[in-house]
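Q: here's a sequence, model it:
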Amino acid sequence: MKILKTLLPIAIVLLMVMSVSAQDKGLMVKKIVIAESVAEREPVNVDTVFSADIGKVFCHTVIVNGDTSRTITHLWKYEGEAVAEVGLEIKKSSKWRTWTSKTINKKQTGKWQVKVLNENGDVLATKCFTIK
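A: A predicted model of the protein is given here:
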């Protein structure tokens, strides 16, 4: 019984450390921006407000993935309604850059957002922007 009392706290600490290590290997969005374009894997003209005649905008994300290959989704929403959903494969990396784009109709002024989701549909990050 004395040994059990001694080992139990050690076992609990080990389980907590193992749990934190597992979380550290998961997906993390390091950066998310909306831009006018992407050149050489980097966003160009980052902003949160764009003109209605922009034509197309890009959601550029930098992902940390300490695990095996995973999939994220860029969920594009306009005025609260989903308008596009794009799956993206993310390899193991400390800086995986990826992006999607959305064609913007001149009549689609208002509030937009892009949500980054993991395979379970959990929201990893959200970026809001406006088309005026």
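
Q: run through the bridge partners of the residue nearest to the spatial centre of the chain.
A: Nearest to the geometric centre of the chain sits V116, at 3.6 Å (CA atoms, centre = their mean). On the basis of DSSP bridges, V116 takes part in beta bridges with H74, A125.

Q: got it, and S101?
A: F58.

Q: count of neighbours near it?
A: 18 (other CB atoms under 10 Å). In this view, the C-beta of every residue, glycine as well, is placed from N, C-alpha and C.

Q: looking at it, it is touching K56, isn't it?
A: Yes: look at S101 against K56 with CB atoms under 8 Å: they come within range, at 5.3 Å.

Q: please enumerate the helices of the protein.
A: 2-24 (DSSP state H).

Q: longest strand anywhere in it?
A: Ranked by residue count and defined by DSSP state E, the top strand of the chain is strand 27-39.

Q: contacting residues around that strand?
A: For strand 27-39, contacts defined as CB atoms under 8 Å, 6 or more residues apart in numbering pick out 43-48, 50, 54, 56-65, 67, 70, 72, 90, 95, 99, 114, 116, 118, 124-127, 129.

Q: check stretch 123-132 too.
A: Counting by CB under 8 Å, 6+ apart, 27-29, 32-34, 47-52, 54, 57, 59, 61, 72, 104, 108-118 sit against stretch 123-132.
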